[in-house]
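Colleague: 3D, please:
(2 chains)
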Number of protein chains: 2
Amino acid sequence: MPRWEPGARERMQAAALELFEHGGYARTTVEDIADRSGVTTRTFFRHFSDKREVLFGGAGDFEQRFVDGLGEAPDAPPWEAVCAAVHAVGDSFAGRHEHARRRHRVIAASPELRERELVKLASVAAAVTAALRARGVADVPALLAGQLVVAVFWTAFQQWVEDGSHRGLPELLEEALTAVGSLVAGVSGRVP
Amino acid sequence: MPRWEPGARERMQAAALELFEHGGYARTTVEDIADRSGVTTRTFFRHFSDKREVLFGGAGDFEQRFVDGLGEAPDAPPWEAVCAAVHAVGDSFAGRHEHARRRHRVIAASPELRERELVKLASVAAAVTAALRARGVADVPALLAGQLVVAVFWTAFQQWVEDGSHRGLPELLEEALTAVGSLVAGVSGRVP
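Modeller: Prediction:
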């Protein structure tokens, strides 16, 4: 078996998602995933440190997209840069709605996976904070903006993957960004 | 040994904090904590589900204080109610600065404890969201306000426990609340 197998990583990710959906995350083993993908468990562990990571292999890319999005508006005030980054990351999910829904359902069903998701989001917030500090934003607004990015993205993303309304992620993100402004400006936000 | 031991819970919490500080969280066992507190491990497990929980036994109270804080401003718009709740919770930390600092240092040194802290904060956000929905706030602003409460509180709290400046928590909370408003209003936030 060659050390480099074209498509092995993607095959393992697809196989894991199917197995987690049908047999449950807790009952699926690394052996099951390797068998279904036609690889050895040794190959699995060359790509992923454990079973949980097979669902979070893209976490580094996800975080980097936020940082890159901020970089595209280098001279904008922090909130404007944050809005640009949120939209850039949202655009990168185009065509991935069904996959995002399936992955979300698996994560929502497992406390262990929900914890890993929280760690991932905290890491995104910290990366955004560091990027804003690097462009001269003071500590408190940089810390808050990092956490706000995550709050906005997560609120819209959850609606996108849970909602039956078929609204697009860009529209939901814009709504969440506007809602933060209205909330802080003291608009009541009551159900009309 | 009586089933109910006055002060046993507090003794175990104090002993655990000292042991975690001096020997490290990972190397301290439940037996060590029980020995130092003069109780059996069985008593330990009547109070705490595991070693980690000895540091998070107050998490339910912490969350409830946010919900109670919101309840004290029943007719206020959501952001005003959130500000009131943040201040009410901040006031409840009066006289606990040294304990908060020590606890924070132990948590910051352990990835496992940092994860538990994230879970606690996510639970506070969800409780605030639920309380706001119950008073008629729509989903998106309720979700965002829940996460904003946590972002503001956490930003100020971290400064309070890390900072050498000896500023009070109420002042740091007010600064963080104001900074959210300035951030979203587009004020640059650059270091002067």
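
Colleague: centre of the chain to the strand or helix carrying A:Ala34, how far?
Modeller: For A:Ala34, the element it lies in under DSSP states H and E is helix A:30-37. Helix A:30-37 sits 25 Å away from the centroid of its parent chain (CA atoms, centre = their mean, to the nearest Å).

Colleague: which helices and strands sit right next to whichever strand or helix holds A:Glu18?
Modeller: Taking DSSP H and E as the criterion, A:Glu18 maps to helix A:8-23. In terms of contacts (3 or more CB pairs under 8 Å, 6 or more residues apart in numbering or on different chains; DSSP states H and E), helix A:8-23 is packed against helix A:30-37, helix A:41-47, helix A:97-108. C-beta coordinates here come from the backbone N, C-alpha and C atoms, glycine included.

Colleague: need the next SSE after the shortest one, C-terminal direction.
Modeller: Tracing the chain C-terminally past helix A:41-47 and defining elements by DSSP H and E, one meets helix A:59-71 next.

Colleague: residues in contact with the helix holding A:Glu18?
Modeller: A:28, A:32-34, A:36-39, A:43-44, A:47-48, A:51, A:54-55, A:57, A:99, A:102-103, A:105-106 (CB atoms under 8 Å, 6 or more residues apart in numbering or on different chains).

Colleague: roughly how far apart are the spatially most central residue of chain A and chain B?
Modeller: With distances taken as CA atoms, centre = their mean, the residue of chain A nearest its centroid is A:Phe62 (5.9 Å). Computed as CB to the nearest CB, to the nearest Å, the A:Phe62 to chain B distance reads 17 Å.

Colleague: wait, isn't that residue in contact with A:Ala88?
Modeller: No. Using CB atoms under 8 Å as the test, A:Phe62 is too far from A:Ala88 to be in contact (11.7 Å).

Colleague: now the helix holding A:Ala34: buried residues?
Modeller: A:30, A:32-34, A:36-37 (16 or more other CB atoms under 10 Å in any protein chain shown).

Colleague: go through the least confident helix or strand in chain A by mean pLDDT and flag the buried ones.
Modeller: Counting by mean pLDDT, DSSP states H and E, chain A has its least confident helix or strand at helix A:59-71, which shows a mean of 89. Neighbour-count burial for helix A:59-71 flags A:59, A:62-63, A:65-67, A:69-70 (criterion: 16+ other CB under 10 Å).

Colleague: gap between it and the chain center?
Modeller: 10 Å.

Colleague: one more: stretch A:119-137?
Modeller: With CA atoms, centre = their mean, you get 15 Å for stretch A:119-137.

Colleague: now do it, average pLDDT.
Modeller: Stretch A:119-137 comes out with an average pLDDT of 94.

Colleague: which residues touch that stretch?
Modeller: Contacts for stretch A:119-137 (CB under 8 Å, 6+ apart): A:56, A:59, A:62-64, A:66-67, A:70-71, A:74, A:78, A:81-82, A:85, A:139, A:141-143, A:145-147, A:149-150, A:153-154, B:115, B:118, B:189-191.

Colleague: kindly export that stretch (C-alpha atoms) in PDB.
Modeller: Output of stretch A:119-137 as PDB, limited to C-alpha atoms (Å, rounded to 0.1, in the frame of the first residue of the first chain):
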ATOM      1  CA  VAL A 119     -13.100  24.600  21.300                       C
ATOM      2  CA  LYS A 120     -12.900  25.300  17.600                       C
ATOM      3  CA  LEU A 121     -15.100  28.400  17.800                       C
ATOM      4  CA  ALA A 122     -13.000  29.700  20.800                       C
ATOM      5  CA  SER A 123      -9.900  29.200  18.600                       C
ATOM      6  CA  VAL A 124     -11.500  31.200  15.800                       C
ATOM      7  CA  ALA A 125     -12.300  34.000  18.200                       C
ATOM      8  CA  ALA A 126      -8.700  34.100  19.500                       C
ATOM      9  CA  ALA A 127      -7.300  34.100  15.900                       C
ATOM     10  CA  VAL A 128      -9.600  37.100  15.000                       C
ATOM     11  CA  THR A 129      -8.600  38.900  18.200                       C
ATOM     12  CA  ALA A 130      -4.900  38.300  17.400                       C
ATOM     13  CA  ALA A 131      -5.300  39.600  13.800                       C
ATOM     14  CA  LEU A 132      -7.100  42.700  15.000                       C
ATOM     15  CA  ARG A 133      -4.400  43.400  17.700                       C
ATOM     16  CA  ALA A 134      -1.800  43.000  15.000                       C
ATOM     17  CA  ARG A 135      -3.400  45.900  13.000                       C
ATOM     18  CA  GLY A 136      -3.400  48.200  16.000                       C
ATOM     19  CA  VAL A 137      -6.800  47.600  17.600                       C
END
